[in-house]
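Chemist: One predicted model, sequence on top.
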Amino acid sequence: LSILKELIQNADDAGARTLRFCSAETRPTTSSSPTQTTPLTQLMTCPSLLAYNSAQFTETDFESIQRIGDSLKKVGTGNQTGRFGVGVNSTYHLSDVPMFLSGNQVVLFDPQAKYV
């Protein structure tokens, strides 16, 4: 539940007007050859929590999300909902590789360099 709260706070801070959640079950691999599967391909077949909001990241958002434990939400006016939270870091409870799309950018966080 706390992970959903963090994602809701992120959407609120971004000014999103729409927020949706969807779960996806394990999907079978389409490759018949084990040599064609990669760690990233295997990751994409795992159960998933998908979160959508209608806002797009700003350059400051992209910079902030890369600062583990030191969000830029704490800087400035300090009136953002998520300024005290752990934000996207909470998703590591569900995934080794949190990923998101914003505008035309795809971001994958793989701190162990295991999948990407």
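Modeler: Everything's here; your move.
Chemist: In the helix ranked longest in the chain, which residues are buried?
Modeler: Ordering each helix of the chain by length in residues (DSSP state H) puts helix 2-14 first. In terms of neighbour count (16 or more other C-beta atoms under 10 Å), helix 2-14 has its buried residues at I3, E6, L7, I8, Q9, N10, A11, D13, A14. Every residue, glycine included, has its C-beta placed from N, CA and C.
Chemist: S90 is in contact with the fifth one, correct?
Modeler: When you say that, I think you mean Q9. No: counting by C-beta atoms under 8 Å, Q9 stays clear of S90, with 9.9 Å between them.
Chemist: picking up where we left off before, can you put the buried residues of helix 2-14 in a markdown table and add distance to D110 and pLDDT?
Modeler: Converted to a markdown table, the buried residues of helix 2-14 look like this (distance: C-beta to C-beta, whole Å; pLDDT from 0 to 100):
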| residue | distance to D110 | pLDDT |
| --- | --- | --- |
| I3 | 19 | 88 |
| E6 | 20 | 86 |
| L7 | 20 | 89 |
| I8 | 25 | 91 |
| Q9 | 24 | 88 |
| N10 | 20 | 85 |
| A11 | 24 | 88 |
| D13 | 24 | 84 |
| A14 | 23 | 86 |
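Chemist: Turn those residues into JSON lines, including distance to T38.
Modeler: What follows is these, written out as JSON lines (distance: C-beta to C-beta, whole Å):
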{"residue": "I3", "distance to T38": "27"}
{"residue": "E6", "distance to T38": "29"}
{"residue": "L7", "distance to T38": "28"}
{"residue": "I8", "distance to T38": "33"}
{"residue": "Q9", "distance to T38": "34"}
{"residue": "N10", "distance to T38": "29"}
{"residue": "A11", "distance to T38": "31"}
{"residue": "D13", "distance to T38": "34"}
{"residue": "A14", "distance to T38": "32"}
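Chemist: out of the residues you listed, which one sits closest to Q105?
Modeler: Taking C-beta to C-beta as the measure, Q105 lies nearest A14 of these, at 14.4 Å.
Chemist: Roughly how far does the closest residue to the closest one other than its chain neighbours sit from V97?
Modeler: Nearest non-adjacent residue to A14, counting by C-beta to C-beta, 6 or more residues apart in numbering: A55, 3.5 Å away. Separation of A55 from V97 (C-beta to C-beta, to the nearest Å): 22 Å.
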